[in-house]
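Asks: fold the following for me, if possible:
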Amino acid sequence: MNKLTRVFVCALLSLLSVTGLAQRPSNTIDAYATFSEMYANAPVGGCGCFWMNGGLGGFSIPVWRNFSAVVEAGGNTTDHIPRFNTGLSLFYGMGGLRLRVTNHTRFQPFGQALFGGVHGFDGYFPAPVGRLPTSYDTSYASTLGGGVDIAISKHVWIRAVQTDYFYSELKNLQGNRQNQFRVGAGVLFRGSDFHWKH
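Replies: Model (predicted):
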(Lines give C-alpha, C1' and ligand atoms only; values in the text may rest on other atoms or scores of the structure.)
Protein backbone atom coordinates (compact mmCIF):
# COMPACT_ATOMS: atom_id res chain seq x y z
CA MET A 1 0.00 0.00 0.00
CA ASN A 2 1.55 3.32 -1.02
CA LYS A 3 1.97 6.44 1.15
CA LEU A 4 -1.05 8.28 -0.29
CA THR A 5 -3.36 5.38 0.54
CA ARG A 6 -2.00 5.01 4.09
CA VAL A 7 -2.45 8.75 4.74
CA PHE A 8 -5.99 8.65 3.38
CA VAL A 9 -6.99 5.68 5.55
CA CYS A 10 -5.51 7.27 8.69
CA ALA A 11 -7.30 10.56 7.98
CA LEU A 12 -10.64 8.82 7.57
CA LEU A 13 -10.27 6.85 10.79
CA SER A 14 -9.24 9.94 12.73
CA LEU A 15 -12.64 11.50 11.98
CA LEU A 16 -14.22 8.90 14.25
CA SER A 17 -12.68 10.43 17.35
CA VAL A 18 -14.79 13.61 16.98
CA THR A 19 -18.14 12.07 16.04
CA GLY A 20 -20.97 10.69 18.09
CA LEU A 21 -22.69 7.35 17.91
CA ALA A 22 -25.13 7.15 15.01
CA GLN A 23 -28.38 5.25 15.15
CA ARG A 24 -28.22 1.76 13.74
CA PRO A 25 -30.10 1.82 10.42
CA SER A 26 -31.98 -1.08 8.98
CA ASN A 27 -31.16 -1.98 5.38
CA THR A 28 -30.75 1.13 3.23
CA ILE A 29 -29.90 2.32 -0.24
CA ASP A 30 -26.13 2.94 -0.24
CA ALA A 31 -23.58 4.60 -2.53
CA TYR A 32 -19.83 4.38 -1.91
CA ALA A 33 -16.42 5.32 -3.27
CA THR A 34 -13.10 3.89 -2.14
CA PHE A 35 -9.42 3.96 -2.93
CA SER A 36 -8.04 0.47 -3.50
CA GLU A 37 -4.77 -1.38 -3.89
CA MET A 38 -4.58 -4.70 -5.75
CA TYR A 39 -1.86 -7.27 -5.18
CA ALA A 40 -1.61 -8.85 -8.62
CA ASN A 41 0.00 -11.96 -10.08
CA ALA A 42 3.36 -11.67 -11.77
CA PRO A 43 3.24 -12.35 -15.53
CA VAL A 44 4.42 -15.60 -17.07
CA GLY A 45 8.17 -15.86 -16.59
CA GLY A 46 8.14 -13.17 -13.93
CA CYS A 47 9.19 -13.38 -10.31
CA GLY A 48 7.06 -12.16 -7.42
CA CYS A 49 3.91 -10.00 -7.56
CA PHE A 50 3.18 -6.29 -7.68
CA TRP A 51 0.78 -3.64 -6.38
CA MET A 52 -1.67 -1.72 -8.59
CA ASN A 53 -3.21 1.60 -7.48
CA GLY A 54 -6.84 2.39 -8.14
CA GLY A 55 -10.33 2.90 -6.85
CA LEU A 56 -13.91 1.76 -7.17
CA GLY A 57 -17.44 2.91 -6.63
CA GLY A 58 -20.87 1.40 -6.50
CA PHE A 59 -24.35 1.38 -5.06
CA SER A 60 -26.67 -1.11 -3.45
CA ILE A 61 -30.41 -1.46 -2.96
CA PRO A 62 -32.18 -3.71 -0.43
CA VAL A 63 -33.72 -6.89 -1.80
CA TRP A 64 -34.65 -8.89 1.32
CA ARG A 65 -34.02 -8.32 5.02
CA ASN A 66 -30.23 -7.77 5.41
CA PHE A 67 -29.44 -8.66 1.77
CA SER A 68 -28.81 -6.00 -0.88
CA ALA A 69 -28.16 -6.15 -4.60
CA VAL A 70 -24.82 -4.51 -5.44
CA VAL A 71 -23.43 -2.97 -8.64
CA GLU A 72 -19.74 -2.01 -8.59
CA ALA A 73 -17.20 -0.64 -11.07
CA GLY A 74 -13.56 0.25 -10.67
CA GLY A 75 -10.04 -0.02 -11.93
CA ASN A 76 -6.41 -0.45 -10.97
CA THR A 77 -3.21 0.42 -12.79
CA THR A 78 0.57 0.27 -12.64
CA ASP A 79 3.05 1.77 -15.06
CA HIS A 80 5.70 -0.89 -14.43
CA ILE A 81 5.50 -4.65 -13.90
CA PRO A 82 8.69 -5.94 -12.26
CA ARG A 83 11.19 -7.39 -14.77
CA PHE A 84 8.92 -6.51 -17.70
CA ASN A 85 9.08 -3.41 -19.88
CA THR A 86 5.34 -2.77 -19.67
CA GLY A 87 2.58 -1.61 -17.39
CA LEU A 88 -0.95 -2.88 -16.88
CA SER A 89 -4.40 -1.37 -16.35
CA LEU A 90 -7.61 -3.14 -15.36
CA PHE A 91 -11.20 -1.94 -15.56
CA TYR A 92 -13.97 -4.10 -14.11
CA GLY A 93 -17.73 -4.08 -13.60
CA MET A 94 -19.63 -6.54 -11.41
CA GLY A 95 -22.91 -7.23 -9.69
CA GLY A 96 -24.02 -9.52 -6.89
CA LEU A 97 -25.29 -9.73 -3.31
CA ARG A 98 -24.17 -8.18 -0.02
CA LEU A 99 -25.11 -9.34 3.49
CA ARG A 100 -24.91 -6.85 6.35
CA VAL A 101 -24.45 -7.94 9.95
CA THR A 102 -26.54 -5.41 11.87
CA ASN A 103 -25.93 -4.59 15.54
CA HIS A 104 -26.40 -1.77 18.05
CA THR A 105 -23.00 -0.13 17.55
CA ARG A 106 -21.53 2.17 14.94
CA PHE A 107 -19.55 -0.76 13.47
CA GLN A 108 -21.33 -2.74 10.77
CA PRO A 109 -19.57 -5.71 9.10
CA PHE A 110 -20.61 -6.98 5.68
CA GLY A 111 -19.76 -9.75 3.24
CA GLN A 112 -20.38 -9.88 -0.49
CA ALA A 113 -19.95 -11.93 -3.64
CA LEU A 114 -19.82 -10.20 -7.04
CA PHE A 115 -19.60 -11.52 -10.60
CA GLY A 116 -18.90 -9.79 -13.91
CA GLY A 117 -16.03 -9.00 -16.24
CA VAL A 118 -12.62 -7.34 -16.39
CA HIS A 119 -10.86 -5.60 -19.27
CA GLY A 120 -7.05 -5.50 -19.19
CA PHE A 121 -5.20 -2.97 -21.36
CA ASP A 122 -1.96 -1.02 -21.73
CA GLY A 123 -0.14 -4.26 -20.97
CA TYR A 124 1.10 -7.46 -22.55
CA PHE A 125 -1.12 -10.49 -23.19
CA PRO A 126 0.51 -13.50 -24.90
CA ALA A 127 -1.27 -15.44 -27.63
CA PRO A 128 -1.25 -19.08 -28.78
CA VAL A 129 1.37 -20.15 -31.34
CA GLY A 130 0.63 -18.58 -34.70
CA ARG A 131 -1.03 -15.48 -33.28
CA LEU A 132 0.44 -12.13 -32.27
CA PRO A 133 0.34 -10.92 -28.65
CA THR A 134 -1.94 -8.00 -27.87
CA SER A 135 -2.00 -5.09 -25.42
CA TYR A 136 -5.55 -5.89 -24.20
CA ASP A 137 -7.84 -8.74 -23.20
CA THR A 138 -11.27 -9.20 -21.61
CA SER A 139 -12.41 -12.01 -19.33
CA TYR A 140 -14.80 -13.21 -16.64
CA ALA A 141 -14.06 -11.92 -13.13
CA SER A 142 -15.43 -12.36 -9.63
CA THR A 143 -14.74 -11.16 -6.10
CA LEU A 144 -15.46 -12.61 -2.68
CA GLY A 145 -14.84 -10.54 0.41
CA GLY A 146 -16.16 -8.09 2.94
CA GLY A 147 -15.32 -5.30 5.28
CA VAL A 148 -16.47 -2.97 8.05
CA ASP A 149 -18.40 0.31 7.79
CA ILE A 150 -18.31 2.80 10.69
CA ALA A 151 -20.94 5.51 11.25
CA ILE A 152 -19.98 9.14 11.66
CA SER A 153 -23.58 10.36 11.16
CA LYS A 154 -26.91 8.85 10.15
CA HIS A 155 -26.17 9.15 6.43
CA VAL A 156 -22.35 9.34 6.23
CA TRP A 157 -20.24 6.31 7.06
CA ILE A 158 -16.57 5.46 6.69
CA ARG A 159 -15.68 2.26 4.91
CA ALA A 160 -12.82 1.52 7.28
CA VAL A 161 -11.64 -1.49 5.32
CA GLN A 162 -12.77 -3.65 2.43
CA THR A 163 -10.80 -6.74 1.41
CA ASP A 164 -11.55 -9.04 -1.52
CA TYR A 165 -10.22 -12.09 -3.29
CA PHE A 166 -10.27 -11.05 -6.97
CA TYR A 167 -10.32 -13.81 -9.61
CA SER A 168 -9.92 -13.26 -13.36
CA GLU A 169 -9.13 -15.25 -16.51
CA LEU A 170 -7.02 -12.94 -18.66
CA LYS A 171 -4.64 -14.59 -21.12
CA ASN A 172 -1.28 -15.77 -19.76
CA LEU A 173 -0.82 -19.16 -21.53
CA GLN A 174 -0.51 -20.95 -18.18
CA GLY A 175 -4.10 -21.70 -17.25
CA ASN A 176 -5.30 -18.16 -18.02
CA ARG A 177 -6.13 -17.53 -14.36
CA GLN A 178 -5.20 -14.78 -11.92
CA ASN A 179 -5.69 -14.98 -8.15
CA GLN A 180 -5.39 -11.47 -6.74
CA PHE A 181 -6.00 -9.64 -3.47
CA ARG A 182 -7.65 -6.22 -3.19
CA VAL A 183 -7.81 -3.93 -0.15
CA GLY A 184 -9.30 -0.47 0.18
CA ALA A 185 -11.05 2.17 2.28
CA GLY A 186 -13.39 5.05 1.54
CA VAL A 187 -16.70 6.80 2.15
CA LEU A 188 -20.25 5.40 2.20
CA PHE A 189 -23.46 7.45 1.86
CA ARG A 190 -26.57 5.77 3.26
CA GLY A 191 -30.12 6.67 2.32
CA SER A 192 -33.30 6.53 4.35
CA ASP A 193 -34.05 3.47 6.43
CA PHE A 194 -35.66 0.67 4.45
CA HIS A 195 -38.02 -1.59 6.42
CA TRP A 196 -39.29 -4.92 5.14
CA LYS A 197 -42.87 -5.69 6.12
CA HIS A 198 -43.29 -8.91 8.03
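
Asks: the helices in the chain, which residues?
Replies: In the chain, the helices defined using DSSP state H lie at 3-14.

Asks: low-confidence ranges, it, go.
Replies: Residues of the chain that meet the criterion pLDDT under 70 lie in 1-26, 42-48, 192-198.

Asks: most distant residue from the centre of it?
Replies: Note on the chain: the largest C-alpha distance from the chain mean falls to Gly130, namely 36.4 Å (Cα atoms, centre = their mean).

Asks: Asn176 versus that residue, what's the distance?
Replies: 17 Å (Cβ to Cβ, to the nearest Å). Every C-beta, even on glycine, is put in place using the N, C-alpha and C of the backbone.

Asks: Ala73 too?
Replies: Taking Cβ to Cβ as the measure, Ala73 and Asn176 are separated by 23 Å.

Asks: and Tyr92, by the same measure?
Replies: Relative to Asn176, Tyr92 is positioned 16 Å away (Cβ to Cβ).

Asks: ok, those two, which is more surrounded?
Replies: More neighbours surround Tyr92 than the other of Tyr92 and Asn176, with 23 against 14 (other Cβ atoms under 10 Å).

Asks: surely that one meets Val71?
Replies: No: contact criterion Cβ atoms under 8 Å: Tyr92 and Val71 do not qualify, at 11.8 Å.

Asks: beta partners of Ile61?
Replies: With DSSP bridges applied, Ile61 shows beta-bridge pairing to Ala69.

Asks: sorry, that was for Phe35
Replies: With DSSP bridges as the rule, Phe35 is bridged to Gly55, Ala185.

Asks: quick check: it touching Gly57?
Replies: No: judged on Cβ under 8 Å, Phe35 makes no contact with Gly57 at a distance of 10.6 Å.
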